[in-house]
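Asker: Take a look and give me a structure for this.
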Amino acid sequence: MLILVVLFSLVWILLCTFLYKNLRTKLSILLGIVVILGLIGVSFGVGLQSLPMLILTLGTVLVVAIFMALQTPPSAWRFGFMLTALAGIGLGIGGYSFQSHFDKIAAMQTEIPLEKLSERLPAVSQFVLTSIPVLSHEDPPRVDKNAERRIVGLKALHADRVSQFIDSPGFGLNRMAHIRTFYFSKQLPPERPVVPIKLDSGQYQIFEGITDARLKDYHEQGVRDFVNPEGYGWVKEKELVAGFHEHQFSQRPKILWDGVSERRDRWNIVQLQLVSLLKHDPPMAYQSVNLPRMDELKNSAVRSLTPFESKGLASLHSGESPTIYTRRIDKTVNMLGAIRTRSDCRDCHHVPEGTLLGAFSYELQEIDSVDYVPQETIAN
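Answerer: As a prediction, the model looks like this:
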């Protein structure tokens, strides 16, 4: 690319100097010719995304236009010298631009490195491998445009052609298309607050009635929030990922009132804990005061499963209960909800779609039923 730019600059300087020497007394004609040639040169420069070529061609047009205002046009040698200076300025700015891009790319590669999945994910346990896959009819949640641009940027940042771009001489950015996508690769998923499991005093969640269908919807909302697809990053291959953000909740799952039921039940959430199948054998439940966040749970204490959880986990494992396993005693509902791989999970979790990877253990406690509840007292 550098050789092409230098050759273009040399031919341009010689051609324009020759025309200037022979048309110095007819600068208006010269300006017209240079404008026509400049349009060709600019098109060529834009096509190659070459800043030096653009500076030289546009600068030549400006120089000729300035000379038209002089009573005595300078000599052809001075004209050629000015074009040579323009070419040098263009090459200098192009070199600085190249180095700037190089520095930004190198810094970003260090800031957002490719990480080994094996360092994040333990070996798949026999308990997981022997579970019965249950396919979901739901499509994976779609990520927003910012997350899509971030994935494209991460892919471009760590693609093999980046090394070729850095190691190649010259100033043409066309050798690595869409370099601007690098700036999107730093775009982080939305900030996810830490959410305590228990509600504050005087707060509660509202449900229209605890049916299995509503509990299933309640659990699936939580799973969609927890997996956090905006934070997946880009998986280059089986063992390498860039820009991954830990799975975590951002809010409490909830069941919205449909505006029809006259009576609604007030409930408090007593427990929502993650049952680990990947890192613990036998399975254990993480103990946390907050809704599960994998970055917090790495160092959290664990507890053995209760008889209800063990029985429910066996039901989920066998596929007898595909999604949830529940128990109701008086005004308390216990539930174990399955976390299974979807199609968009398999880049990292190399098991069949629908495989049981974990579970959430819930305990919900009814306060009372009411005919009307002021909206300002309802928790998120």
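
Asker: what comes up buried for the helix or strand encompassing Arg224?
Answerer: In the assignment (DSSP states H and E), Arg224 maps to helix 212-227. Across helix 212-227, burial judged by 16 or more other Cβ atoms under 10 Å covers Leu215, Lys216, Asp217, Tyr218, His219, Glu220, Gln221, Gly222, Val223, Asp225, Phe226, Val227. Bear in mind the C-beta positions are built from the backbone N, C-alpha and C, glycine included.

Asker: again with stretch 31-47
Answerer: For stretch 31-47, by 16+ other Cβ under 10 Å, it's Leu31, Ile33, Val34, Leu37, Gly38, Gly41, Val42, Gly45.

Asker: related to what we said a few turns ago, any idea which helix or strand comes after the helix holding Arg224?
Answerer: Beyond helix 212-227 on the C-terminal side, the first helix or strand identified by DSSP H and E is strand 234-237.

Asker: which other helices and strands contact the next helix-or-strand element following that following strand?
Answerer: The helix or strand immediately downstream of strand 234-237 is strand 240-242, counting by DSSP H and E. Judged by 3 or more Cβ pairs under 8 Å, 6 or more residues apart in numbering; DSSP states H and E, strand 240-242 is in contact with strand 114-116, strand 234-237.

Asker: again, only using 6 Å
Answerer: Judged by 3 or more Cβ pairs under 6 Å, 6 or more residues apart in numbering; DSSP states H and E, strand 240-242 is in contact with strand 114-116.

Asker: Buried residues, the helix or strand following the strand it packs on. List them.
Answerer: Remark: after strand 114-116, the chain's next helix or strand is helix 126-129, criterion DSSP H and E. Neighbour counts over helix 126-129 (16+ other Cβ under 10 Å) mark Phe127, Val128 as buried.

Asker: Output helix 126-129 in PDB, but only the C-alpha positions, please.
Answerer: Output of helix 126-129 as PDB, limited to C-alpha atoms (Å, rounded to 0.1, in the frame of the first residue of the first chain):
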ATOM      1  CA  GLN A 126     -21.500 -37.100  34.900                       C
ATOM      2  CA  PHE A 127     -24.700 -35.800  36.500                       C
ATOM      3  CA  VAL A 128     -25.000 -33.300  33.700                       C
ATOM      4  CA  LEU A 129     -24.000 -35.700  30.900                       C
END
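
Asker: And the average pLDDT for it is what?
Answerer: Here helix 126-129 scores 87 as its mean pLDDT.

Asker: Same question for stretch 289-296.
Answerer: Per-residue scores along stretch 289-296 average to 89.

Asker: On the pLDDT front, check the residue nearest to Val235 when sequence neighbours are not counted for me.
Answerer: Spatial nearest neighbour of Val235, excluding adjacent residues (Cβ to Cβ, 6 or more residues apart in numbering): Asp347 at 4.1 Å. Here the pLDDT value assigned to Asp347 is 75.

Asker: Report how many residues lie close to Asp347.
Answerer: Asp347 has 16 neighbours, counted by other Cβ atoms under 10 Å.

Asker: wait, isn't it in contact with Lys236?
Answerer: No. Applying Cβ atoms under 6 Å, one finds Asp347 not in contact with Lys236, separated by 9.6 Å.

Asker: ok, the residue nearest to Trp12 when sequence neighbours are not counted - contacts?
Answerer: Distance criterion Cβ to Cβ, 6+ apart; nearest residue to Trp12, sequence neighbours excluded, is Leu56 at 6.0 Å. Going by Cβ atoms under 6 Å, 6 or more residues apart in numbering, Leu56 touches Ser9, Leu86, Ala87, Gly90.

Asker: What about the buried residues of stretch 31-47, which are in helices?
Answerer: Leu31, Ile33, Val34, Leu37, Gly38, Gly41, Val42, Gly45 (DSSP state H).

Asker: any idea how far Leu91 is from the third one?
Answerer: The one in question is Val34. 20 Å (Cβ to Cβ, to the nearest Å).

Asker: How about the second one?
Answerer: Counting by Cβ to Cβ, the separation of Ile33 from Leu91 is 25 Å.

Asker: Next: Val5.
Answerer: Val5 is 7 Å from Leu91, where distance means Cβ to Cβ.

Asker: So these two - more neighbours on which side?
Answerer: Val5 (23 against 20).

Asker: Can you tell me the element the nearest residue to the more buried one once chain neighbours are set aside falls in?
Answerer: Nearest residue to Val5, sequence neighbours excluded (Cβ to Cβ, 6+ apart): Pro52, at 5.3 Å. Assessed by DSSP H and E, Pro52 sits inside helix 51-67.

Asker: same deal with Asn299?
Answerer: Using DSSP H and E, Asn299 falls outside every helix and strand.

Asker: check contacts around it.
Answerer: No contacts exist for Asn299 under Cβ under 6 Å, 6+ apart.

Asker: Can you give me the pLDDT of it?
Answerer: 83.

Asker: what about it, distance to His350?
Answerer: Asn299 is 26 Å from His350, by Cβ to Cβ.

Asker: and what of Pro122?
Answerer: 13 Å.

Asker: hmm, back to that, so which of the contacts of Leu56 sit within helices?
Answerer: Short answer: those in helices (DSSP H) are Ser9, Leu86, Ala87, Gly90.
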